[in-house]
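> structure for the following, please:
(4 chains)
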2 protein chains.
Amino acid sequence: MTPHSNQILFHIRKNISPTPEEEQFFVSLLNPLKLRQGEFAEIAGEVTYNFIHVTSGCLMTYYTNKQGTDQVIQFATAGWWTGDLHSLTSQQPSIYTTRALADSEILQLPKVRMEELLERYPKFERYFRIMFQNSLVTHQNRIIEAFTATAEERYHNFQKKYPQMEQYVPLKYIASYLGITPEFLSKIRRKK
Amino acid sequence: MTPHSNQILFHIRKNISPTPEEEQFFVSLLNPLKLRQGEFAEIAGEVTYNFIHVTSGCLMTYYTNKQGTDQVIQFATAGWWTGDLHSLTSQQPSIYTTRALADSEILQLPKVRMEELLERYPKFERYFRIMFQNSLVTHQNRIIEAFTATAEERYHNFQKKYPQMEQYVPLKYIASYLGITPEFLSKIRRKK
DNA sequence: GTAGTGGCTTGAACTAGATTAAGAAATTGA
DNA sequence: TCAATTTCTTAATCTAGTTCAAGCCACTAC
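Numbering: from 1, shown residues only, chains lettered A, B, ... in the order given. The predicted structure is shown next:
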């Protein structure tokens, strides 16, 4: 049981009550990894789809469209899960990229391992059900915000939600997350 | 076992294999309801939060902000689940409203009933986990679309996704779903 | 009949935010 | 140290989409 896995076990115990055996099996499926700033969260050379639990540091997930422009989907700081649900579900090659914004420690849970886990210990279904349910609330809020708030409001909400993020994330990624150009973010920031 | 519940049981059997007893218990928790066009999907006078399965017809869920403007979050046609995840999760009063766009048949699953179900038959966790997971993919795609596509592209994507919807949903709701004004939707439609 | 009422369109004036292009500031690197 | 590259800012111009105001059409009600 790596020190890495303490944090995630804490969360799991809050939602389900796994036996030591179940916990141990779960942890054995996790692939602990240290990432340097800028590194990608995929296993080099392996085409596999992962859930990623951020133990420390900060990751961002972005989508690259046909024109080659990036759209930042989410930031994930310590304690968060991230990953490519689309390819997890559809078996299509990933359309997202996940990178470390700072030196980070992560736990990968490859798709096939997750399936093994749920097959063997269905009790974990509950954990992921709750996780997805919460994530859905976040996503719904983001959709509402995208459609109803101005860029300036979205920026201020972002500052509230991620207070320290602005200091160590390049502004262009924040602009992308907010759905605006870096130039316009500059203009908003100057105002205040 | 109402004829209503055949459709939903079909979906459930695809994902989990419930015993007749489990199925019967599940169905007993559902509250079948017929809605006339324009009616709300909540139980009158009761402050409760529901999941809603649409058996036939079409519902829409919208959010009303402080300024009193509505933002349509989603349409749900036959076979879909909808509902207010936010209040399901947070215990806050609902910020969403769900209404029938056409005469519809629905199955309500009140929050407390869902909890009973999962308590008694954890097997159903899997069903909801998969449901939320799929829903999350849809939401992620909608976020990407909101930030990267123009109003015109979003409109054409909408037409592909809901081919017959335009005929029986007032255009102003479609405009709201697309995040634009009815006037601008008019302009887009004229072009073609 | 004709006086509402709600959904849809049209057009003119306006604005939030994009684009382009340039320069300043900070990082990197030999 | 100085060039090179990347990040951030500023300002001018442009455009996708809004706002406002009016008119049209279909439907209902008296």
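> point out the residues in chain A that sit beside DNA strand D.
When proximity is defined as Cβ under 7 Å from any atom of the strand, chain A approaches DNA strand D at A:Pro170, A:Leu171, A:Lys172, A:Pro182, A:Glu183, A:Leu185, A:Ser186, A:Lys187, A:Arg189, A:Arg190. Just so you know, the C-beta spots here come from the backbone N, C-alpha and C atoms, and that holds for glycine as well.
> ChimeraX command for the buried members of the residues you listed?
Under the burial definition 16 or more other Cβ atoms under 10 Å in any protein chain shown, those of the residues of chain A next to DNA strand D that qualify are selected in ChimeraX by:
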select /A:185
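> so which of the residues of chain A next to DNA strand D belong to strands?
Cross-referencing the residues of chain A next to DNA strand D with the strands (criterion: DSSP state E) gives no overlap at all.
> give me the most central residue, chain A.
For chain A, the residue whose C-alpha lies nearest the mean C-alpha position (Cα atoms, centre = their mean) is A:Thr82; its distance is 2.4 Å.
> could you pull out the helices for chain A?
Along chain A, counting by DSSP state H, helices occupy A:5-15, A:20-29, A:85-90, A:111-120, A:123-148, A:151-161, A:165-168, A:171-178, A:182-191.
> is the last one in proximity to DNA strand C?
Read it as helix A:182-191. Yes. For a cut-off given as Cβ under 7 Å from any atom of the strand, helix A:182-191 has contacts with DNA strand C, namely A:Glu183, A:Phe184.
> excluding chain neighbours, what is closest to the residue nearest to the centre of chain A?
Distances taken as Cβ to Cβ, 6 or more residues apart in numbering or on different chains put A:Ala76 closest to A:Thr82, at 3.9 Å, once the chain neighbours are dropped.
> model confidence for the one you found, exactly?
At A:Ala76, the model reports a pLDDT of 92.
> for it, give me its contacts.
When contacts are counted by Cβ atoms under 8 Å, 6 or more residues apart in numbering or on different chains, A:Ala76 touches A:Ile52, A:Val54, A:Cys58, A:Leu59, A:Met60, A:Thr61, A:Thr82.
> surely the second one and A:Gln74 touch.
No. Between A:Val54 and A:Gln74 there is no contact under Cβ atoms under 8 Å: 11.1 Å.
> quick one, which of these two is more surrounded?
The residue with more neighbours, out of A:Val54 and A:Gln74, is A:Val54; 25 against 19, by other Cβ atoms under 10 Å in any protein chain shown.
> bridging residues for that one?
Using DSSP bridges, the beta-bridge partners of A:Val54 come out as A:Ile106.
> look up how far A:Ala100 lies from it.
As for A:Val54, its distance to A:Ala100 is 9 Å (criterion: Cβ to Cβ, to the nearest Å).
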